[in-house]
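Colleague: sequence and predicted structure below; questions after.
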Protein chains: 4
Amino acid sequence: MVIIMNPEATAENIKAVISTIEDAGLEAKVMDGASQRIVGVIGDKRKLGDVTFEAMDGVEKTVAISKSYKLASREFHPRSSVVDVAGVKIGDGTPVVMSGPCAVESREQLFEAADIVKKAGAQFLRGGAYKPRTSPYSFQGLEEQGLKFLAEARERTGLKVVTEVTTVEAVDRVAAYADMLQIGARNMQNFGLLKAVGKAGKPVLLKRGLAATIDEWLNAAEYIMNEGNPDVVLCERGIRTYETYTRNTLDLSAVAAVKHLSHLPIIVDPSHGTGKWRMVQPMAYAAIAAGADGLMIEMHPNPAKALSDGPQSLTPEHFERVMNGVKKLAAFLREEQIAPMEL
Amino acid sequence: MVIIMNPEATAENIKAVISTIEDAGLEAKVMDGASQRIVGVIGDKRKLGDVTFEAMDGVEKTVAISKSYKLASREFHPRSSVVDVAGVKIGDGTPVVMSGPCAVESREQLFEAADIVKKAGAQFLRGGAYKPRTSPYSFQGLEEQGLKFLAEARERTGLKVVTEVTTVEAVDRVAAYADMLQIGARNMQNFGLLKAVGKAGKPVLLKRGLAATIDEWLNAAEYIMNEGNPDVVLCERGIRTYETYTRNTLDLSAVAAVKHLSHLPIIVDPSHGTGKWRMVQPMAYAAIAAGADGLMIEMHPNPAKALSDGPQSLTPEHFERVMNGVKKLAAFLREEQIAPMEL
Amino acid sequence: MVIIMNPEATAENIKAVISTIEDAGLEAKVMDGASQRIVGVIGDKRKLGDVTFEAMDGVEKTVAISKSYKLASREFHPRSSVVDVAGVKIGDGTPVVMSGPCAVESREQLFEAADIVKKAGAQFLRGGAYKPRTSPYSFQGLEEQGLKFLAEARERTGLKVVTEVTTVEAVDRVAAYADMLQIGARNMQNFGLLKAVGKAGKPVLLKRGLAATIDEWLNAAEYIMNEGNPDVVLCERGIRTYETYTRNTLDLSAVAAVKHLSHLPIIVDPSHGTGKWRMVQPMAYAAIAAGADGLMIEMHPNPAKALSDGPQSLTPEHFERVMNGVKKLAAFLREEQIAPMEL
Amino acid sequence: MVIIMNPEATAENIKAVISTIEDAGLEAKVMDGASQRIVGVIGDKRKLGDVTFEAMDGVEKTVAISKSYKLASREFHPRSSVVDVAGVKIGDGTPVVMSGPCAVESREQLFEAADIVKKAGAQFLRGGAYKPRTSPYSFQGLEEQGLKFLAEARERTGLKVVTEVTTVEAVDRVAAYADMLQIGARNMQNFGLLKAVGKAGKPVLLKRGLAATIDEWLNAAEYIMNEGNPDVVLCERGIRTYETYTRNTLDLSAVAAVKHLSHLPIIVDPSHGTGKWRMVQPMAYAAIAAGADGLMIEMHPNPAKALSDGPQSLTPEHFERVMNGVKKLAAFLREEQIAPMEL
């Protein structure tokens, strides 16, 4: 940490800062700048506890040097991780695709969707049994009945099941049916839930919060990993900005940022990221070209009748076209070895 | 609802939209615009379930006319509500002040803070026993021990206690000690938690989410009210924007917006809203002048030693100055009858 | 400036950074942190020219210590400035009010507005003769004819005239008629225009850009002041955020921030800041309570017929009520001496 | 346009709205909703002038149906446009690349850069002669001398020259040297400048504003086209959001949005869009995969010595790798015919 003093800071102010550092068993180094002094803290910052230098007289601001997450960082774990979900590997160079309807609505709807997803070559079936909805009057999901349909669809197709869990009390129930637990954007900083899925013994898909920084997102992953669960996959799903043409602004640069800062796999959800079915295909291609480890795509046998998020769901025909393009693009990138970035 | 068709929509497209409306037992009215057709839906929109017209061919977009929340709306309840918290009224024209440290750190710290808060004339003691923190390695609060200290401080001073609850399982425990349950910004859309506090039988302070729209915020209040709890007070605490000088951007226009759209009281937290103690006083005055029903202000006996959020905590001396100014300003506004707005 | 090296930076990397600093005639100081090295630059940073350390191997990031603006900073000029506009003082403790229609539409409309503005006790008449409009097909203003009407209205009422200038070529013409030149939000970083108004010999009202940081805004003021014009008044008019209920998000904390960082006066425009006439009164009160040096308020004799920005214009009756409240509030704050902040 | 009335609107309120519509020679249609009335306007909205219904009593809001730009819209011009810049076609299916240093610093630097750009297979040389800089004390460009160097570099390499113009008075001078005039992000709503380049007789590269919506951006293109210049190419360069890890948030969904709404070509600038050289390659690939018509990439012979924007400039070696990957990817997409989207 570096502490930047005000130009008007007195000698006493600086002495107080130095004492605080030294009292914690650390070393302080003072630099005299052109108009301001800077105090560097040498040693393990954790010894300082939560001392807040900004509240001391004469301190202008502090600048953090080291990151607050560790298990999720590439510095700590230089090789990219591969997460194994019931035999399907995420992060091994071949992108995975998770698809299905936004919400599980009925056995028939889900089976129809699952068959299409399977036939098109995706590896995961998605579908919400517990739906976090802005209004209490909107459809909230089939709950455990939905989980059962998902498990049946897995039997039928061999697809792995990923589904959202929204409360601590439902974690065990969802973990009993699903292969992978999804934490939705609204719960990215529901720390009790993060700890609970960290103990549930199943891989976790962690969506980025609506307005979460990459730093906060990796700290959320740290909460899960700190409970002993290393199997975290991140999912970029668009952030909230001033632009209203799209439902969110899909931040594909997050793929490159996460690859640099962390060893965890990252997939992209162009359906929520744009809110428009028409944009799913170009953004799916873009995500793969940027180096994403997979995609999550909403597909509904009949989008116009979807109980939630119809405008962003692909039809079966369109989904097949996207899958076809994605597979070809991924194969091309692998063969040509034009790796998207130096880490 | 109004459905706007594409300029290229065919007669079949329009017929399909009309059939969908009529099949739901509603009436459709078609308007021919200069270049586009518009279809209006007449009747109770809820009959449509979650039909998503945007996914139908030829539909450009839909425009919602009515609001999705009802119990929280001023249309439903034209008179401003007054929320009674163990005898202290919020929303009756005299602003309340909630103050204390960000986190409960020890009995001594809390008692010292409570005495100052009481002496300065505030009505509520705040202090976190369960702290949602970005990093799993930061201080997470004293938990139940912190609740006990809060209850002891209430005995000592007569102040009402407001404190945050972060998980469903802690709701009953927190409700046993506190007079008012706080839902923090990160949990504004933790719908399970909203339902749980809706059933807990205590008034709720609902902070605005980091990037929540006013519409989403009032829908979150609706979740609580829909469980039978009408005693919800909103708290504006700054939203996330591109500006980095302040920790958040305090949106004081939310006070006026909420007063127009809802009957619920609203208070303002200038400490989290700015992240700088220096800005607390001017923003506290501004909030009162805008018509806020109260303030939440962080104060710490020794901000430099605070275990969290020191930079935004006032010292006891500064807090007294703010309280003095706020009281005079509130008295002036009441006497002069220069009401801040027509509702 | 402080240069933070990567944990993996080599001794050569650090040597290269040090050489670059020393080659510029400055001194480098190296600190060894727990896991990373930090290099401090001692001396006048300008000697470094535009060397970009972030592009050197092993450099993680740099942190600026000193501000890039100087003439506009309070460090350089500790006493708050008072700007004299043709005899009316801005920043002397008594807030000024600038009011009138968004656009000058006709002599009649402007005279009617000017009489109301004068009668209510405001000091400035505003009204756009050159209107920057999103669409080329919207009303673009009466141009020089509008300036003449403004000058006539000044003769008639004694009000000072403030009006926007949008192009370098119009600066002299606008300066010939107006008492104060306004730079609109869209032109805050039109650097050629900033330089031109810096040479025009008239005080300047500099609106904050739609998504400008406070740092960029003060740098824009610096462009004007660097041409020899010290008479700059800032105007907060709302920033662009994700919230759509209001046209912009009025950032009243900018008043406190500017007062701390700069000696320049700052006024607030609640009309553009909210886009809703209903919110003008509470936000006007809030701005004054936060310590603003004045207000800019849109008022139109007949808002429903306004050629631009009708929804945010007050009626004459409402404007009088706002003026009445603002005057009382300002008098109260002056008399009570409850200064909004320590600088 | 559709006008939504308040639930409490009176019969007189509605009558007044209808009269206003009919007085303009248009037809009004009233729909009775469940709780609110809606008035539709039938006919050419322009007849209404700038009547602002929102300022009329009883009106809640209005909803625009038709777009405010026309020449730039795909509805008006269904086939995608190809812009010819001195013989190089933009938008014909083969992506173009514009590269070079952020600023022209010297003849040697520019020639060295131009040779690398040419050798790697790009078509355009970029380089700023007039630099818009946040601080007046930063390097502002070589101005006309820089333009001369650019023209010499064109002679030497055959590359086309694209360079920024920042003031109306410089338009003719820049147009005399350059093949394509660039409007920078800060000037996207400098309407005087837009009109001037609309008359300059050269193709224009229009960068998206820092916080511009897609609608505002296409309206800015409309200003240029409305002066008789159809040769506009758009350039996505990142928008301002709360995320600070990247300099801006590159909005690649804008590529798909623009392709749907407009017939104009669009290119992407991953250098400014991310601010980090490490992210240029993955974002360049992603842009091409999303369907962009080209790229603008900063490359500097020696990024560490760059007078501006070094951190985001590629080295020559890295640029060659990106060019190699981009060419292969573009060829693959063309051959496989996996078009990124249905328009």
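Modeller: That came in fine, so what should we check first?
Colleague: dump the residue contacts of the closest residue to A:Ile224 other than its chain neighbours.
Modeller: Leaving aside its chain neighbours, A:Ile224 sits nearest to A:Gly198 (4.2 Å; criterion: Cβ to Cβ, 6 or more residues apart in numbering or on different chains). Any C-beta I mention is one placed from the backbone N, CA and C, and that applies to glycine too. The neighbours of A:Gly198, taking Cβ atoms under 8 Å, 6 or more residues apart in numbering or on different chains as the test, are A:Val204, A:Tyr223, A:Ile224, A:Met225, A:Asn226, A:Glu227, A:Gly228, A:Asn229.
Colleague: which of these lies closest to B:Ala153?
Modeller: The nearest member of the contacts of A:Gly198 to B:Ala153, counting by Cβ to Cβ, is A:Tyr223 at 30.4 Å.
Colleague: that closest one against A:Gly192, yeah?
Modeller: No. The criterion here is Cβ atoms under 8 Å, and A:Tyr223 misses it with A:Gly192 at 9.6 Å.
Colleague: of the two, which one has the most company?
Modeller: More crowded of A:Tyr223 and A:Gly192, by other Cβ atoms under 10 Å in any protein chain shown: A:Tyr223, with 29 against 20.
Colleague: for the closest residue to the more buried one other than its chain neighbours, give its distance to chain D.
Modeller: Distances taken as Cβ to Cβ, 6+ apart place A:Leu194 nearest to A:Tyr223, at 4.0 Å, with adjacent residues excluded. Applying Cβ to the nearest Cβ, to the nearest Å, the value for A:Leu194 to chain D is 21 Å.
Colleague: tell me the angle the helix or strand hosting A:Leu194 makes with helix B:191-198.
Modeller: A:Leu194 belongs to helix A:191-198 when elements are defined using DSSP states H and E. Orientation check (axes from the mean of the first three to the mean of the last three Cα atoms, to 10 degrees): helix A:191-198 against helix B:191-198 gives 130 degrees.
Colleague: ok, now how distant is A:Ser106 from C:Met225?
Modeller: Counting by Cβ to Cβ, to the nearest Å, the gap from A:Ser106 to C:Met225 is 68 Å.
Colleague: can you tell me which residues in chain A are near chain C?
Modeller: Taking Cβ under 8 Å from any Cβ of the partner chain as the measure of proximity, chain A contacts chain C at A:2, A:4, A:7, A:29, A:31-36, A:38, A:40-45, A:63, A:65-66, A:75, A:211, A:240-242, A:244.
Colleague: hmm, which of these are the buried ones?
Modeller: Buried members of these, counted by 16 or more other Cβ atoms under 10 Å in any protein chain shown: A:2, A:4, A:29, A:31, A:33, A:36, A:38, A:40-43, A:45, A:63, A:65-66, A:75, A:211, A:240-242.
Colleague: what stretches of chain A score poorly on pLDDT?
Modeller: A:33-35, A:46, A:49-50, A:339-343 (pLDDT under 70).
Colleague: quick one, strands of it?
Modeller: Secondary structure of chain A (DSSP state E): strands located at A:2-5, A:27-32, A:37-42, A:59-63, A:83-85, A:88-90, A:96-100, A:124-126, A:160-164, A:180-183, A:204-207, A:232-236, A:266-268, A:294-298.
Colleague: burial measure for A:Arg185, as a count.
Modeller: Actually, residue A:185 is Ala rather than Arg. Look at A:Ala185: counted by other Cβ under 10 Å, it has 22 neighbours.
Colleague: from memory it sits against A:Lys207, does it?
Modeller: Yes. With contact defined as Cβ under 8 Å, A:Ala185 reaches A:Lys207; the gap is 4.7 Å.
Colleague: any shared contact partners between those two?
Modeller: Contact criterion Cβ under 8 Å, 6+ apart; residues shared by A:Ala185 and A:Lys207: A:Arg237.
Colleague: thank you, goodbye.
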